[in-house]
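Participant: Quick one, fold the following:
(2 chains)
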2 protein chains.
Amino acid sequence: MRARIVARHVATLITALLVAQSLLPPPKAISAAATRVETQSTTPTQTTDWEEKLRTQPRAENLREYMRVLAAEPHHIGSAAGKRNAEWMRDQFKAWGLEAKLEEFDVLFPTPKERVLELVSPNKYQAKLKEPVLSEDTDSGDANQLPTYNAYSGDGDVTAPLVYVNYGVPADYEQLAKLGVDVKGKIVIARYGASWRGIKPKVAYEHGAVGCLIYSDPKEDGYYQGDVYPQGPFRPEFGVQRGSVMDMPIHPGDPLTPGWGATKNARRLARDEAKTLMKIPVLPISYGDALPLLKALAGPVAPDSWRGALPLTYHIGGTETAKVRLKVTSDWSIHTLYNVVARIEGSTYLDEWIIRGNHHDAWVNGADDPISGMVAVLEEARAFGELLKQGWRPKRTLVFCGWDGEEPGLLGSTEWVEQHAEELQQKAVAYINSDSTSRGWFGAGGSHTLERFVNDAMQAVRDPKGRGSLWEAARARRGGQEARSDLRIGALGSGSDYTAFLDHLGIASLNIGFGGEVSGGIYHSIYDSIAWYTKFSDGNFEFGRTLVQAAGTLTMRLADAEILPFEFTNFAETVDGYVEEIAKLPQQGVDLQPLRKAAGKLKLSADGYDRALRSLIAAGKRPANLKALNALLYQSERKLLSKAGLPRREWFKHQIYAPGFYTGYGVKTLPGVREALEQKNWAEANEQVKIVSQTIDAMSAQIEAATDKLQSK
Amino acid sequence: MRARIVARHVATLITALLVAQSLLPPPKAISAAATRVETQSTTPTQTTDWEEKLRTQPRAENLREYMRVLAAEPHHIGSAAGKRNAEWMRDQFKAWGLEAKLEEFDVLFPTPKERVLELVSPNKYQAKLKEPVLSEDTDSGDANQLPTYNAYSGDGDVTAPLVYVNYGVPADYEQLAKLGVDVKGKIVIARYGASWRGIKPKVAYEHGAVGCLIYSDPKEDGYYQGDVYPQGPFRPEFGVQRGSVMDMPIHPGDPLTPGWGATKNARRLARDEAKTLMKIPVLPISYGDALPLLKALAGPVAPDSWRGALPLTYHIGGTETAKVRLKVTSDWSIHTLYNVVARIEGSTYLDEWIIRGNHHDAWVNGADDPISGMVAVLEEARAFGELLKQGWRPKRTLVFCGWDGEEPGLLGSTEWVEQHAEELQQKAVAYINSDSTSRGWFGAGGSHTLERFVNDAMQAVRDPKGRGSLWEAARARRGGQEARSDLRIGALGSGSDYTAFLDHLGIASLNIGFGGEVSGGIYHSIYDSIAWYTKFSDGNFEFGRTLVQAAGTLTMRLADAEILPFEFTNFAETVDGYVEEIAKLPQQGVDLQPLRKAAGKLKLSADGYDRALRSLIAAGKRPANLKALNALLYQSERKLLSKAGLPRREWFKHQIYAPGFYTGYGVKTLPGVREALEQKNWAEANEQVKIVSQTIDAMSAQIEAATDKLQSK
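Facilitator: Next comes the predicted model:
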């Protein structure tokens, strides 16, 4: 469910948020030296023969064929097609020579029972709440589509005045207060954008609203951006963005089993004990349905920056003039989800796992989201299967995962991580995620201890458009001629299945894919189909094929490295940058000195490891205890957790990266301190400074232990 | 026809252009000292008793009544109602005790014969070209309305592909070239904004287009800005901005009598000799009519900054897909215009004239444009008439003018100025213009030799909203606490009747009015009615009444001053600023040293006059020859002309201010040099530097002569 960059020219705020979580760091945040020769990783990796063989394996026609199968029918969690897909993938993995099985969890997944939206005054309008079938795209008429809805909306039937709240983020409510408008007892209508959708009803509820509509304004997601489907790739008049409004910044996964696996007989909370269910009814609507509602609004004219591209004068409303009725009820059943888990056992380090994953469930047919990425994981597994037949074996164990139930709230991956937490803490070396992928440039986000590793690996993969290596293509696009040798990767917030790995368990993670060239408006709609994808996105699967090569290269290098390619100088520099960002926030009596000190120490430790590694290689030596060294390296990310987790959301334990409490997907770095400062909670900021500093110090100690291990005879 | 600021939030470019010609200099260009005590004008004026009496005269109910009469019917040039209005005003002036007469000129004024606009492919659409009558505004159904058209459009009947050219200014054609689109043999559609309308067909023609449509996009001039008429003040779906497309940057006035008065028996050019007639058919249309045309366009998607607020994807077009037929023919008759000219003879300096004017013709009913301003001139004349009855007489002669034919091209004022050029050169002390006026803050533009005078006078007039004096209200709005004691006034481009006075004859001019609070979308439409004005603009005429006080104060002070209140230090500082602006433009081998030198000398001369005047006053002395001194003072603006005029448009002789060749209304300061640099014509720039420097030197010499005269015993 990775948020697509739906607009080519989005508001600054939106851009900032998307960039923060994006695979594609913004051009100006990126730097690259004229040459990387001197700064090439010093980490020895495997011989490249097998790597090159691997990269010749993937076939575009296979990707197309897998997509034909997997995106043929609506296949959301709990659907017959979803189960069939899981079984088919399991069987494919097996046919290619991998071990494979399904792992089931039983999770709360609400589906729509009643959905009513009507304008009751000043005139009547019954919202369609239905996406039209297109003759140009027969899949848009498939049976068993989930209606347009927001999963985990509260049940309710409310009639109240309507208020337009722009994006519905906290700053918008400050503006409303200035205009003398409040939302207490009212229904708000917010446009998509500027935050993850679940933030909108949450903030509305905090301000006393009794219902929430979320619509796609054509300014960001419709005709203003370009021609609409089927003429062009953008969202048509009655297209709707489905999606979850579970309060995922508290915790993702099954709302009834927070922190533990939702197995058949697991302990479960009662529904009213669950913390992540939205309290008020919420419904996503098309701009076609929003038009008559927004037209009916009276009250002040909306500020300039609040105006979208609908043909009307945007008013705030909030008066008795325009009233709507919103009724939403769900079937709150438990559904079984089917994760697909396949393995290739490692020859040397059986208990060191490289995990590669993508979700397979969609809101509807999901050719783009998630099948474009899922088919790359399949083809990657097939490629490794081929190598197996030719005599290659990975040193470490490879795990290929197809997650179910990602769309409603990262259910499959979260439950799996929670269920296998102890084993994963011991064995997981890294997690590499992908999700939707399209055309453009390779992008990666994730743990900065892997930043150099990603930079190195991407020099081995050719850009499908002949722009040199993926690294060279990305660097050229970013245009910079700065001193830094490595292209920066973005920090991860949330929005896809790396979340539990990284934020809950401290497993170093990467999220990768291609993007930047195509944008479109079919996200979470019935038009996310094979027809759309092949017409407007990576129709010849050349970037998909390249994604197999890129992910395969990363996976193989991690699997076969003598010394795992973790590197700490980039990480230390990045953390230092975060501290400097935080120092610029307003603060009263908050002492950041401990943080600065910890960041300084981290740099020294990182430099020490780097120097020691270079000396070792220069001397042509090998560390005495590789296994112990590698354990220290891949366990280093665990040191970035605090046991208590973040304030008011203990599930999130990572102290460097977290999704924002009020941004949703958007990352907050050094979140404990940053969010306390943003909320002007100076006391909490001081406490968090201590916790984060101690966490960074623990990381420094771990790096120093690794340095010692490297040097021990 | 002063361009209204139709949008509250207009694009930067538009703002820049409007500000350049605006009554209301932009906030940041304004500065004011905490106190003006020390910098009060040292020019002795008349006692303030009569001034205070004058300011008690104006009555809001009179303004309302004059508007009821003058805006009752459509009264464009050549209409029966226009002639009746002129006669009524003449009779009013007489009734109030002034001499008054009509002065007629016979001018070329085309009116529509045929207007056809149809989309011929890919589907048919017949444009309405008609503004609907509103039951809420009965005047919208008046007989004898001029149809929607652009006066001085070429005659033609063309069918060709349509191209969207954004605002249709030169920069837009550079962008089109980058996109690989040309307009040769095609019909362009441009949106209103960013330039005076006449620039759009002119630039289109220069690029080979065969026709030009100009439409009001709702982004700048419609529902995006706010509620549309009659619910709100903004332009409704089928509202159209009429207007002239005469090539006024060449010269305004009758196209057949350039430079001389269009009297009955005057020599006239043949139509094909006239330089200011547009060569291709041009038609203004509503956004209602533009919608189907723009929807039909194929070709590239328009750049982000080109997109307006219509519910469609903006395409460039230019392909064979969308073709339109445009047919425009006019009745090219000569019409008689009726200027109203009233006088109060001066008691002392009969041959020194203070001229006050506003136009009386409208495109339709014109309650706002121009009647809101015309009624203030009438009431001002009535007020002076009252003082006459009470025994006051002006020292200098007052001339009150109601111009006809302003809308098509400043016809009435230009012909009058040309006809009386010799006498005016001798006698005109200053010209004070007004046009439409609304609510908000007092603003002035004009000759900077009068900047301090305006600042002083506006301290004597109370703001109707209790914000102190007009000067204090304007200063508070501008917010600045800068060192400069005087609020800056803007330079004048074109767009109203000061043009011939200032640019052709070098008569120091001011253009004044209220604005900044109201914006609306009835400019040049049938909805510019009494109903609109009283509902959405200065409905209780409190600002109109204040305009009478302000203009009356300016007029009386000029009429009665012992030493005319011209002042040169502000002018010198302003010119120096223009030179510095020009120095920042790209230039190759252009030597600006002569300009810098001239500007430096000007400063010294100005300071010399200022010092001499202060000494004189401190010593309690009077100059020996007041008449000679005053002649030097008011003749000083004449020194800013060059006989040869500007390159390629000799009618424009002022070397400091001119409307831009490619902006229309928007002012270009030091136009000879600035436009040569903008066009990268380095040779011409060097020539113009010489001419402008000599002009400034002549001004310095005149100021020094005035200083001598001041000091002579």
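Participant: interface residues of chain A facing chain B?
Facilitator: A:8-9, A:218, A:223-228, A:232, A:234, A:301, A:304, A:307, A:309-313 (Cβ under 8 Å from any Cβ of the partner chain). The C-beta positions use only the backbone N, C-alpha and C, and glycine is treated the same way.
Participant: mind redoing it with 10 Å?
Facilitator: A:7-9, A:218-219, A:222-228, A:231-232, A:234, A:237, A:287, A:291, A:295, A:298, A:301-305, A:307-315 (Cβ under 10 Å from any Cβ of the partner chain).
Participant: Measure how buried whatever residue of the stretch 51-200 of chain A ends up closest to chain B is and give me the count.
Facilitator: Residue nearest to chain B within the stretch 51-200 of chain A: residue A:122 (12.7 Å; Cβ to the nearest Cβ). Neighbour count of residue A:122, defined by other Cβ atoms under 10 Å in any protein chain shown: 13.
Participant: got it, and residue A:581?
Facilitator: For residue A:581, using other Cβ under 10 Å, the count is 12.
Participant: which other helices and strands contact whatever helix or strand it lives in?
Facilitator: Using DSSP states H and E, residue A:581 falls within helix A:569-583. If you count contacts as 3 or more Cβ pairs under 10 Å, 6 or more residues apart in numbering or on different chains; DSSP states H and E, helix A:569-583 packs onto helix A:451-457, helix A:593-618, strand A:667-669, helix A:671-678, helix A:682-711.
Participant: Just the buried ones from the residues of chain A next to chain B?
Facilitator: A:7, A:218-219, A:222-228, A:232, A:234, A:237, A:287, A:291, A:295, A:301-302, A:307-315 (16 or more other Cβ atoms under 10 Å in any protein chain shown).
Participant: Now do the same for residue A:123: helix, strand or coil?
Facilitator: coil (DSSP: H, G, I helix; E, B strand; the rest coil).
Participant: Could you find the closest non-adjacent residue to it?
Facilitator: residue A:296 (6.8 Å; Cβ to Cβ, 6 or more residues apart in numbering or on different chains).
Participant: try residue A:200
Facilitator: residue A:168 is the one closest to residue A:200 (Cβ to Cβ, 6+ apart), at 3.7 Å.
Participant: In a strand, the one you found, correct?
Facilitator: No - counting by three-state DSSP, residue A:168 falls outside a strand, being coil.
Participant: Count residues in the vicinity of residue A:68, would you?
Facilitator: 14.
Participant: circling back: wait, the residue of the stretch 51-200 of chain A closest to chain B sits on residue A:317?
Facilitator: No - in this structure residue A:122 lies outside contact range of residue A:317 using Cβ atoms under 10 Å: 11.4 Å.
Participant: Which residues are in contact with each of the two?
Facilitator: Common contacts of residue A:122 and residue A:317 (Cβ atoms under 10 Å, 6 or more residues apart in numbering or on different chains): A:296, A:297, A:298, A:323.
Participant: Need the phi and psi values for the residue of the stretch 51-200 of chain A closest to chain B.
Facilitator: phi -80, psi -10 (degrees, to the nearest 10).
Participant: For it, list the residues it contacts.
Facilitator: By Cβ under 10 Å, 6+ apart, the neighbours of residue A:122 are A:295, A:296, A:297, A:298, A:320, A:321, A:322, A:323.
Participant: ok, the third one - contacts?
Facilitator: Shown in contact with residue A:297 (Cβ under 10 Å, 6+ apart): A:122, A:161-164, A:189, A:312-319, A:321-322.
Participant: quick one: which of those residues is nearest to residue A:402?
Facilitator: residue A:189 (36.7 Å; Cβ to Cβ).
Participant: Just to be sure, that closest one is in a strand?
Facilitator: Yes - checked against three-state DSSP, residue A:189 lies within a strand.
Participant: Okay, and the beta partners of it?
Facilitator: With DSSP bridges as the criterion, residue A:189 is bridged to residue A:164, residue A:213.
Participant: pLDDT score for it?
Facilitator: With respect to pLDDT, residue A:189 has a value of 98.
Participant: Kindly tell me how buried it is, as a neighbour count.
Facilitator: 28.
Participant: just the one 10 residues further on next, same as before
Facilitator: Other residues within reach of residue A:199, judged by other Cβ under 10 Å, total 26.
Participant: And the one 3 residues further on, by the same measure?
Facilitator: Under the neighbour criterion other Cβ under 10 Å, residue A:202 is assigned a count of 25.
Participant: C-terminal to the lowest-mean-pLDDT helix or strand in chain A, which secondary structure element comes first?
Facilitator: Scoring the helices and strands of chain A by mean pLDDT, DSSP states H and E places helix A:12-21 at the bottom, with a mean of 30. As assigned by DSSP H and E, the chain's next helix or strand after helix A:12-21 is helix A:48-56.
Participant: for that following helix, the distance to its chain's centre please.
Facilitator: 29 Å (Cα atoms, centre = their mean, to the nearest Å).
Participant: What is whichever helix or strand comes after that helix packed up against?
Facilitator: Downstream of helix A:48-56, the first helix or strand assigned by DSSP H and E is helix A:60-70. Judged by 3+ Cβ pairs under 10 Å, 6+ apart, the packing partners of helix A:60-70 are helix A:80-95, helix A:373-389, helix A:530-536, helix A:542-560.
Participant: quick check: angle from the longest one to helix A:60-70?
Facilitator: Meaning helix A:542-560. 100 degrees (axes from the mean of the first three to the mean of the last three Cα atoms, to 10 degrees).
Participant: Please work out the average pLDDT along helix A:542-560.
Facilitator: Rounded mean pLDDT across helix A:542-560 is 98.
Participant: Now that helix: buried residues?
Facilitator: So, applying 16+ other Cβ under 10 Å, buried residues of helix A:542-560: A:542-560.
Participant: do the same with the shortest one
Facilitator: Buried residues in helix A:530-536, counting neighbours by 16+ other Cβ under 10 Å, are found at A:530, A:531, A:532, A:533, A:534, A:536.
Participant: Stretch A:406-424 too?
Facilitator: A:406-421, A:424.
Participant: Between the two ends of it, how far is it?
Facilitator: With Cα to Cα, to the nearest Å as the measure, stretch A:406-424 spans 20 Å from end to end.
Participant: Might you report the residue contacts of residue A:437?
Facilitator: Going by Cβ under 10 Å, 6+ apart, the list of residues near residue A:437 reads A:2, A:23, A:358, A:368-376, A:443, A:512-515, A:537-538, A:543-544, A:546-547, A:551.
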